[in-house]
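Undergrad: I need the structure of the sequence given here:
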Amino acid sequence: MRILVIDDDVDGADALAALLTQSGHDVEVAYEGAQALGLSFAAEAAIVDLTMPTMDGFEVARRLRQVYGASLRLIAFSGHDDDVTKQRVATDFDGYLRKPASLVDISKALQH
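TA: Below you'll find the model as predicted:
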């Protein structure tokens with residue numbers, strides 16, 4: 001699967017990308033929303049951190065939908081686990097992963 005990882009935590013994004021690459025996926029990493037939107041990468045899925053400083057994950061998700069359409073699987077990736085966040089995620093994303101996520105959880109989120 002071609003997966004775009006978008007997270008301002010450089011070490012976390014790189015570690016997730018390495019894990020996904022070792023699992024056989026083709027992965028690109030962006031450390032902010034604008035960078036992700038500027039990539040020419042035919043992603044099938046995007047794992048998007050919700051709390052980035054310049055452009056939050058919800059705005060990134062809306063813009064990615066405009067670029068890729070409904071075929072892109074959008075997975076929210078956050079340390080927040082409150083009901084308000086989950087409600088917002090349900091309208092803008094196809095799945096939700098709470099940080100830290102296991103490879104099993106990530107694989108399940110990508111498959112659904």
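
Undergrad: Got phi/psi on the spatially most central residue of the chain?
TA: The chain has I47 as the residue nearest its centroid, 1.4 Å off, counting by C-alpha atoms, centre = their mean. When quoted as degrees, to the nearest 10, the phi and psi of I47 stand at phi -100, psi 110.

Undergrad: Could you pull up the residues touching it?
TA: 3-7, 16, 75, 77, 97, 106, 109 (C-beta atoms under 8 Å, 6 or more residues apart in numbering). C-betas here are computed from N, CA, C, even on glycine.

Undergrad: Between those, which sits nearest S40?
TA: Within these, the smallest distance to S40 is 11.4 Å, found for L4 (C-beta to C-beta).

Undergrad: For that closest one, pull up the helix or strand it's in.
TA: strand 2-6 (DSSP states H and E).

Undergrad: Tell me which other helices or strands that strand touches.
TA: helix 10-22, strand 26-30, helix 33-37, strand 45-49 (3 or more C-beta pairs under 8 Å, 6 or more residues apart in numbering; DSSP states H and E).

Undergrad: any idea how far it is from the chain center?
TA: Chain-centre distance of strand 2-6: 6 Å, with C-alpha atoms, centre = their mean, to the nearest Å.

Undergrad: for stretch 35-49, same thing?
TA: Relative to its parent chain, stretch 35-49 has a centroid offset of 8 Å by C-alpha atoms, centre = their mean.

Undergrad: Look at G12 and say how many residues are nearby.
TA: For G12, the count of nearby residues is 15 (other C-beta atoms under 10 Å).

Undergrad: residues touching it, list them.
TA: K99.
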